[in-house]
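In: Test case, fold it:
(chains A, B, C and D)
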Protein chains: 2
Amino acid sequence: MSLEATPAERRRLKVRGAIIEAAERVFATEGEAGLSIRRLAEEIDYSPSAIYKYFGSKEELIDELKEVFFERLLSRVGKISCADAPFSQRGRACVTTYIVTAMERPHHYAAAFSNAQGAPVQVQSEDWAAFAKTNKGRAFGVLVNMVREGQSLGVFDPELDPYLSAKSVWAASHGLAQLMTHMPNFPALLPTDEPVSASAFIAFHADLVFRGLQSPGEVRHPDFTPED
Amino acid sequence: MSLEATPAERRRLKVRGAIIEAAERVFATEGEAGLSIRRLAEEIDYSPSAIYKYFGSKEELIDELKEVFFERLLSRVGKISCADAPFSQRGRACVTTYIVTAMERPHHYAAAFSNAQGAPVQVQSEDWAAFAKTNKGRAFGVLVNMVREGQSLGVFDPELDPYLSAKSVWAASHGLAQLMTHMPNFPALLPTDEPVSASAFIAFHADLVFRGLQSPGEVRHPDFTPED
DNA sequence: TAATTTGGTGAACAGTGTTCACTTTCTGAA
DNA sequence: TTCAGAAAGTGAACACTGTTCACCAAATTA
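Out: Numbering: from 1, shown residues only, chains lettered A, B, ... in the order given. So this is what the prediction gives:
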């Protein structure tokens, strides 16, 4: 048995790739509702039971879709966090990038926080060591470092625990991401008629989140001006 | 036809009540996964098709469960908001109450933000007038008033738009509620061994949210001390 | 070439939500 | 009180679903 990719292995990867490609296509547009094994099989011209030679279950297949989605989310936020820009911009960009990426694939993001039956994902007994290795865990690590950097720069309140603060930032980002994937016109829900764009509101939210972390003397008014 | 409740009407309400009671029982513990029409029919000793004489569809039935849940959430947050307590306490309590109530019925809360297939609920073309009449909309109104009160007291930054601020607070609350219903040990996910209780972390989060709203001069360090 | 693993299939199982023709029960008016 | 009509309830069926399993053919290995 060689370490090279045998023709059989290459063929296998090809079929497997076709499956997740078709799954990605239908999942991105119709979500879990439109993704049935039989339909997937029809799209790739195989029998339904063939899929079970490549994936143990439908859930396993969808888990892979979520995984690649979170990898992109991680990579994007990671890139932002170490970009060449002032801290205040980078910090806010972490939050906005997270939310924008979630909104690009609402079904993926929603599914990542609920299993097939819409029930809460119970991640019982998961400890820190296990969590830190997951994509979610590494994205969280980026946030912790960002809080630490802000504290060392004197911008963020040094009294705040970086881990708890990062969790709070994550929760705040997650909340807006979820609300906006579920109600696309959420920012525009106003009694007045002046429109507020999605991106403008995301910026506003990111700003408020960061004001909460700033040192008592450092808090400034948001540079928020509704555009377009 | 009288306005009184005829015996037939009373009987009908009784059966209907038995259905939602059974549905509530199984939904609260097992969520949408365990709730099937056939099982429900078995529990109330009727045939499955009988249920369709009372509810147009399974979704309609579940919508009612969500509705009563949000009514309780609304009533709780509403009570807190006009309680006899200092503003800083009431304000934070709105956030913590929201999160704690969500955690009491994780399946209800999760379902309220995703349809049966786990796909995002698309509330397209919903305008403010319609939104303001829903339970979500009225709970949101409570938040807006709270922001306004904080501004008139000089505690919150008067430059902030009350509606956008209330949305941000809602998003932040929703985010933690969702994260905690999905990962019960979220607050305890720490590299260190010192435990942080759920309630302690919720308080910490609420505090950060409020720091973000405070006037530049008013920001104080959080009075957060990990208890128990 | 022979043996064995792998890839692929169709039929079936146990579920699901929902519909529909049908019967039974109850109700409101003549 | 009788009787038409509505309401309540039923069982069988439809069209799905994820999943399994015996079976078959093709590719790989010995």
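
In: What's the mean pLDDT across the longest helix belonging to chain A?
Out: Longest among the helix segments of chain A by residue count, using DSSP state H, is helix A:7-34. Looking at helix A:7-34 alone, the average pLDDT works out to 93.

In: For the helix or strand following that helix, buried residues please.
Out: Toward the C-terminal end, the helix or strand that comes next after helix A:7-34 (DSSP states H and E) is helix A:37-43. When neighbours are counted by 16 or more other C-beta atoms under 10 Å in any protein chain shown, the buried residues of helix A:37-43 are found to be A:37, A:40-41. Backbone N, C-alpha and C define where each C-beta goes, glycine included.

In: So is the helix or strand containing A:D63 next to DNA strand D?
Out: Taking DSSP H and E as the definition, one finds A:D63 inside helix A:58-81. Yes - among the residues of helix A:58-81, A:58-59 lie within reach of DNA strand D under C-beta under 7 Å from any atom of the strand.

In: could you give the angle of that helix to helix A:7-34?
Out: Between the direction of helix A:58-81 and that of helix A:7-34, the angle (axes from the mean of the first three to the mean of the last three C-alpha atoms, to 10 degrees) works out to 90 degrees.

In: Give the other helices and strands that the next helix or strand after helix A:58-81 contacts.
Out: Using DSSP H and E, the next helix or strand after helix A:58-81 towards the C-terminus is helix A:87-104. Counting contacts by 3 or more C-beta pairs under 8 Å, 6 or more residues apart in numbering or on different chains; DSSP states H and E, helix A:87-104 is packed against helix A:58-81, helix A:135-152, helix A:162-182, helix A:198-213.

In: Please enumerate residues in contact with the helix or strand that helix A:87-104 is followed by?
Out: Per DSSP H and E, helix A:87-104 leads on to helix A:106-112 as the next helix or strand towards the C-terminus. Identification of contacts with helix A:106-112 by C-beta atoms under 8 Å, 6 or more residues apart in numbering or on different chains yields A:27-28, A:30-32, A:62, A:65-66, A:69-70, A:102-103, A:177-178, A:181-182, B:114, B:118-120.

In: Could you do stretch A:191-202 as well?
Out: Outside of stretch A:191-202, the residues within contact range by C-beta under 8 Å, 6+ apart are A:95-96, A:99-100, A:103, A:176, A:180, A:184, A:186-188, A:190, A:224, A:226-228, B:128, B:132, B:163-164, B:167.

In: And the residue in chain A positioned nearest to chain B, how close does it get to DNA strand D?
Out: Across chain A, no residue is closer to chain B than A:G175, which sits at 2.3 Å (C-beta to the nearest C-beta). From A:G175 across to DNA strand D, the span is 30 Å (C-beta to the nearest atom of the strand, to the nearest Å).

In: That residue: how many residues sit nearby?
Out: Taking other C-beta atoms under 10 Å in any protein chain shown as the neighbour definition, A:G175 ends up with a count of 24.
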